[in-house]
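> Based on what follows, work out the 3D shape:
(one chain, ligands or ions: 1)
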Amino acid sequence: MATTRTPLMAGNWKMNLDHQQAISTVQKLSWTLKDAKHDYAAVEVAVIPPFTDLRSVQTLVDADKLELVYGAQDISKHESGAYTGEISGSMLAKLGCTYVLIGHSERREHHGESDDLVNAKVRAAFAHGLTPILCVGEGLDVRKAGDQVSYTLAQVEAALADVPTEQIAKIVIAYEPVWAIGTGEVATPEDAQEVCGAIRRVLGELCDPDVADGVRVLYGGSVKSGNVAQIMAQPDVDGALVGGASLDPEEFARIARYQSHVTA
Ligand SMILES: O=C(CO)COP(=O)(O)O
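Sure thing, here's the model as predicted:
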């Protein structure tokens with residue numbers, strides 16, 4: 001037990017920043033982190049730009065040998081063929097993606113993504129050596145009813161149905177309560193810990209407690225430099241999936257450097 005989990009700070013840009021803005025944003029982020037002598041082995045930093053930015057980000061990361069990594073916001077469950085508008089896992093792998101977001105609440109809500117589709121996308125990601133960042137979390141009605149743990153665990157179980165233990169060992173799970181996304185309404189550290197801890201317990205039941213102990217569970221929802229340290233202090237929170245605040249490279253760098261402003 002007592003596995004060391006490397007914290008991950010991932011910036012989900014959503015549908016913001018074109019490919020030129022992506023280059024300047026990644027440059028500013030990497031310069032800021034370099035100035036701060038950021039240790040990427042201690043806190044991993046990832047950006048998750050729109051598909052159209054990925055080639056530019058890849059070129060920059062390769063040319064400047066940047067240590068930050070990147071990923072995509074979605075993946076098709078299909079391999080190739082007549083699926084207009086879809087992007088396959090092999091395309092993302094060829095672009096050097098490390099991560100892919102799967103089942104973000106905005107895709108579940110606006111694109112009708114079901115648990116079955118999320119499960120198929122998790123498998124597609126692993127088939128191409130990509131690491132899924134599986135997004136789960138309850139809406140306000142569920143939270144008000146006090147059902148956040150059972151609701152979120154059901155999403156985790158559905159997404160991981162028939163996924164082998166060796167793959168579960170590599171997954172990242174992001175708990176993002178929908179009511180806290182883009183609202184400024186951040187979950188309390190205790191709220192985050194309650195569900196992140198429950199996710200780790202259910203992973204232990206699905207495969208093996210030792211495997212679950214190594215899986216990174218992130219929190220997402222109105223994370224800023226001013227609240228990240230308290231959230232990261234929770235034992236089962238291993239990083240953050242950051243939306244709005246990741247569009248500002250200096251603010252995102254402060255989030256990645258959360259340990260440098262822990263004062264107590
Ligand atoms: O949805 C999110 C990240 O995936 C969270 O977004 P905000 O940080 O803007 O609340």
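
> Quick check: chain neighbours aside, which residue is closest to residue 253?
Distances taken as C-beta to C-beta, 6 or more residues apart in numbering place residue 32 nearest to residue 253, at 4.0 Å, with adjacent residues excluded. Yep, even glycine has a C-beta here, placed from its N, CA and C like the rest.

> Could I get the contacting residues of residue 67?
40, 45 (C-beta atoms under 8 Å, 6 or more residues apart in numbering).

> now do 10 Å
By C-beta atoms under 10 Å, 6 or more residues apart in numbering, the contact list for residue 67 reads 30, 33-34, 38-41, 44-45, 61.

> quick revisit: just the buried residues of the strand or helix carrying the residue nearest to residue 253, please?
Per DSSP states H and E: residue 32 is located in helix 19-35. By 16 or more other C-beta atoms under 10 Å, the buried positions in helix 19-35 come out as 22-23, 25-26, 29-30, 32-33.

> What helices and strands are in contact with that helix?
strand 8-12, strand 44-48, helix 54-63, helix 249-256 (3 or more C-beta pairs under 10 Å, 6 or more residues apart in numbering; DSSP states H and E).

> among these, which is nearest the ligand?
Among the helices and strands packed on helix 19-35, strand 8-12 comes nearest to the ligand, with 3.7 Å by C-beta to the nearest ligand atom.

> Give me the secondary structure label for the nearest residue to residue 204 once chain neighbours are set aside.
Distances taken as C-beta to C-beta, 6+ apart put residue 212 closest to residue 204, at 3.9 Å, once the chain neighbours are dropped. The three-state label given to residue 212 by DSSP: H, G, I helix; E, B strand; the rest coil is helix.

> Just the pLDDT at residue 212, thanks.
Looking at residue 212, its pLDDT reads 97.

> Over to residue 182?
87.

> From residue 103, how far off is it?
17 Å (C-beta to C-beta, to the nearest Å).

> Which of those two has more residues huddled nearby?
Ranked by neighbour count (other C-beta atoms under 10 Å), residue 182 and residue 103 place residue 103 first, with 28 against 12.

> tell me the average confidence for stretch 110-126?
98.

> residues contacting the nearest residue to residue 103 once chain neighbours are set aside?
Nearest residue to residue 103 in three dimensions, chain neighbours excluded: residue 118, at 3.9 Å (C-beta to C-beta, 6+ apart). By C-beta under 10 Å, 6+ apart, the contact list for residue 118 reads 77, 102-104, 107-108, 132, 134-136, 155, 158-161.

> what would the helices and strands packed on helix 19-35 look like in CSV with distance to the ligand and mean pLDDT?
Shown next, in CSV, are the helices and strands packed on helix 19-35 (distance: least, C-beta to the nearest ligand atom, whole Å; pLDDT from 0 to 100):
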stretch, distance to the ligand, mean pLDDT
strand 8-12, 4, 98
strand 44-48, 8, 98
helix 54-63, 17, 98
helix 249-256, 10, 98
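
> So for residue 203, which of these sits nearest?
strand 8-12 (16.2 Å; C-beta to C-beta).

> Pull the CA coordinates from that closest one and hand them back as PDB.
Output in PDB follows, covering the C-alpha atoms of strand 8-12 (Å, rounded to 0.1, in the frame of the first residue of the first chain):
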ATOM      1  CA  LEU A   8      -1.600  15.700 -12.300                       C
ATOM      2  CA  MET A   9      -2.800  19.100 -13.200                       C
ATOM      3  CA  ALA A  10      -4.700  19.000 -16.400                       C
ATOM      4  CA  GLY A  11      -6.100  22.100 -18.200                       C
ATOM      5  CA  ASN A  12      -9.200  21.500 -20.200                       C
END
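
> Kindly reformat the helices and strands packed on helix 19-35 as a markdown table and extend each row with mean neighbour count.
Below are the helices and strands packed on helix 19-35 laid out as a markdown table (neighbours: other C-beta atoms under 10 Å):
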| stretch | mean neighbour count |
| --- | --- |
| strand 8-12 | 26 |
| strand 44-48 | 25 |
| helix 54-63 | 16 |
| helix 249-256 | 22 |
